[in-house]
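Asks: following is a predicted model, sequence given first.
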Amino acid sequence: MILSHTAYRSHLVAQATRELAGTPMHLCGWVETVRDHGGVLFFHLRDATGKLQVILDPGRLSPEAAEEAGRIRPEWVVMFSGTLRPRPPGTEHTSLDSKDIELEAHGFEILGVAASLPFRPQDRDKVSEERRLKDRAVDLRSDTMQANLRLRHKVVASFRSSLDSEGFIEVETPCLAKSTPEGARDFLVPSRLQPGAYFALPQSPQLFKQILMAGGIERYYQVARCFRDEDLRANRQPEFTQLDIEASFVNESDVMCLVEAIIRKALEDVGRPLDPKPFPIITYQEAVDRYGTDAPDLRFGLTIVNLTRVFADTEFHLFRKILDSGGQVLGLAIPGSFQLSRKSIETIRAKAEEAGAEAPAWGHIEAGVFSSSLAKFLSEKERKAIAEAMGNGENDLILFQAGKDPKTLRLNMGRIRLLAADLLGLTGEHRHLSFIWVVRFPWLEWDPSRGRYVAVHHPFTSPVDLSVFQSETRSVLESALAASYDLVLNGEEVGGGSIRIHRADLQRRMLEILGLGKEEIEARFGFLLQALAQGAPPHGGIALGLDRFTSILTGSESIRDVIAFPKTQTGTCPLTGAPTQVARRGYLRL
Ligand code: ASP
């Protein structure tokens with residue numbers, strides 16, 4: 001390594017190992033702690049590679065140097081010169097990386113002093129996030145931020161190297177661009193040279209990467225910054241980073257295989273190898289039916305079962321009413337081994353209500369029949385059939401939801417499934433990584449507020465069956481499936497992509513189906529249609545959300561912990577104070 005030895009240092013802390021005992025060295029870094037033991041000073045020195053104990057006896061320094069040594073405070077930047085020596089047996093410092101050696105310093109130079117600090121990096125958990133984001137220079141020194149940013153870098157470096165060896169090249173696409181519809185609001189930048197005209201910051205490089213395919217690049221990727229002006233939810237940022245990929249002459253499984261392979265390699269590279277079983281693939285419909293969401297967490301089972309048939313002839317008035325109006329009944333079994341107390345069941349019911357669902361009805365399976373306070377409303381046959389449909393697990397708790405709208409019903413049951421899993425402690429284990437592919441999403445969705453169809457993925461996604469383009473029939477369009485795929489990790493979407501419409505005539509037709517008029521199509525997407533009409537290969541791709549991906553890997557509560565300079569939930573930057581008012585003529589040029 002060229003820079004392990006620089007003008008200031010002879011070694012990095014990580015290089016100071018027992019084999020080098022007796023070697024004179026200059027080490028640089030931040031002083032983490034200072035202790036005075038009977039006049040001898042003990043420092044913990046931290047650099048980007050590790051920590052080491054440094055011992056300095058001021059009695060062996062000139063009176064001026066001794067006085068200066070006494071001034072050194074935590075978070076000062078210091079260069080120590082000395083000799084590495086083994087620590088006496090029994091005194092090894094277990095909290096430091098280099099625990100069996102220490103530097104016996106005979107000189108030092110203060111390189112940077114720290115004014116009094118709002119918090120110590122090692123105390124980051126004790127201060128508010130606002131504080132940490134404001135004093136990010138201090139926070140970034142913490143073990144957590146150091147580890148997170150280094151892991152993020154390693155993952156990205158691994159992706160880059162894997163894609164490079166597959167013949168992908170990184171191409172930069174513009175930030176001053178034209179609106180790309182990914183379903184969010186654009187950030188706009190006024191153009192000084194074209195008064196009244198605006199650039200849009202890209203919501204994704206979608207159209208550029210497709211034009212790169214028409215341009216014969218064939219295999220593109222980019223670690224791309226994307227901008228979406230959305231109302232910020234807990235784990236969203238107005239600007240975020242995607243690993244954006246596009247390839248020509250591929251189908252869905254080609255893209256999925258590639259992505260699975262580069263993820264496996266990246267996890268291997270960061271010491272988290274996955275078991276070799278391929279990522280499960282389930283359809284959107286299965287995901288929603290069995291788990292009540294299109295991004296299911298499969299670290300645990302808890303499968304939703306449709307009990308509508310079982311209750312077909314029920315006289316239980318509550319369910320009867322719902323079934324008669326075309327509704328459904330769903331059940332969820334929680335294995336008896338969890339032995340949930342009455343109180344826990346009430347907690348699930350209360351939380352379900354808080355989340356906007358009905359409090360689920362419940363009971364247990366006992367000796368092959370369903371028993372509950374509801375049981376008196378149910379026939380013997382029904383009680384047996386419920387037990388059987390729910391897997392007949394002795395003492396399993398069964399939760400029910402009934403409702404008229406199948407979509408809402410499933411979403412509610414999906415929420416209850418997660419609430420139960422949380423309560424049972426099944427979701428907290430972030431070391432366990434459960435990837436799945438969700439495929440075959442609907443292609444279009446009717447948006448009643450706009451009175452038109454919207455694309456479920458985006459308007460450039462191909463349907464699985466191209467013959468739908470010939471149809472005007474609502475039912476055909478509404479039941480069409482998209483050639484798209486989402487990658488889900490521990491119940492969170494970490495990526496999504498699709499095979500694209502690569503024929504200009506079909507892309508134009510899609511935009512018409514979405515209700516765009518001829519002129520609007522030309523004005524907004526003429527450049528894409530033109531490129532597709534100039535000889536475009538079949539192509540498809542995906543984008544992985546790097547912030548979310550790394551925050552799951554590191555078990556971070558917030559994606560802000562894997563981004564060096566994130567925005568707060570109100571879209572501001574406490575460090576710089578952005579966004580700010582700008583004087584009419586802009587800031588003074590420096
Ligand atoms: N552009 C899409 C997105 O940002 C990803 C893709 O379809 O490749 O979600």
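Replies: Happy to help now that I have it.

Asks: can you name the residues of the stretch 401-550 of the chain that neighbour the ligand?
Replies: Proximity of the stretch 401-550 of the chain to the ligand, by C-beta under 6 Å from any ligand atom, involves residues Gly496, Gly497, Ser498, Gly541, Ile542, Ala543. To be clear about C-beta, it is placed using only N, CA and C from the backbone, and glycine gets the same treatment.

Asks: how about the strands in the stretch 201-350 of the chain?
Replies: With strands called from DSSP state E, counting those that start in this stretch, the stretch 201-350 of the chain shows them at 219-227, 239-248, 281-283, 304-306, 328-334.

Asks: how about those strands in CSV, adding mean pLDDT and mean neighbour count?
Replies: As requested, the strands of the stretch 201-350 of the chain are exported to CSV (pLDDT from 0 to 100; neighbours: other C-beta atoms under 10 Å):
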stretch, mean pLDDT, mean neighbour count
strand 219-227, 98, 21
strand 239-248, 98, 23
strand 281-283, 98, 16
strand 304-306, 97, 20
strand 328-334, 96, 24
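
Asks: in CSV, list these along with distance to Ala105.
Replies: Listed next are the strands of the stretch 201-350 of the chain as CSV, based on distance: least, C-beta to C-beta, whole Å:
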stretch, distance to Ala105
strand 219-227, 41
strand 239-248, 41
strand 281-283, 59
strand 304-306, 64
strand 328-334, 60
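
Asks: with distance to the ligand added, can I get the ones you listed in JSON lines?
Replies: Converted to JSON lines, these look like this (distance: least, C-beta to the nearest ligand atom, whole Å):
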{"stretch": "strand 219-227", "distance to the ligand": "6"}
{"stretch": "strand 239-248", "distance to the ligand": "6"}
{"stretch": "strand 281-283", "distance to the ligand": "18"}
{"stretch": "strand 304-306", "distance to the ligand": "27"}
{"stretch": "strand 328-334", "distance to the ligand": "30"}
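
Asks: tell me which of these lies nearest to Ile436.
Replies: Proximity to Ile436 (C-beta to C-beta) singles out strand 281-283 among those, at 6.3 Å.

Asks: ok now the closest one, how far from the chain's centre?
Replies: How far strand 281-283 lies from its chain's middle: 20 Å, per C-alpha atoms, centre = their mean, to the nearest Å.

Asks: ok, and what's touching it?
Replies: Met256, Arg290, Pro296, Ile436, Trp437, Val438, Val439, Arg440 (C-beta atoms under 8 Å, 6 or more residues apart in numbering).

Asks: redo that, cut-off 6 Å
Replies: For strand 281-283, contacts defined as C-beta atoms under 6 Å, 6 or more residues apart in numbering pick out Trp437, Val439, Arg440.

Asks: then stretch 245-258?
Replies: Counting by C-beta under 6 Å, 6+ apart, residues outside stretch 245-258 touching it are 209, 213, 218-221, 437, 483, 485, 499, 537, 539-542.

Asks: now the residues of the stretch 401-550 of the chain next to the ligand in a markdown table, with pLDDT, neighbour count and secondary structure?
Replies: Converted to a markdown table, these look like this (pLDDT from 0 to 100; neighbours: other C-beta atoms under 10 Å; DSSP: H, G, I helix; E, B strand; the rest coil):
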| residue | pLDDT | neighbour count | secondary structure |
| --- | --- | --- | --- |
| Gly496 | 98 | 21 | strand |
| Gly497 | 98 | 26 | strand |
| Ser498 | 98 | 26 | strand |
| Gly541 | 98 | 25 | strand |
| Ile542 | 98 | 24 | strand |
| Ala543 | 98 | 25 | strand |
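
Asks: and the longest strand seen in the chain, which residues are buried?
Replies: Selection of the longest strand in the chain by residue count, based on DSSP state E, yields strand 24-37. Using 16 or more other C-beta atoms under 10 Å as the test for burial, strand 24-37 gives Met25, His26, Leu27, Cys28, Gly29, Trp30, Val31, Glu32, Val34.

Asks: surely the fourth one meets Met79?
Replies: Pointing back at Cys28 there. Yes: if you go by C-beta atoms under 6 Å, Cys28 and Met79 touch, sitting 4.6 Å apart.
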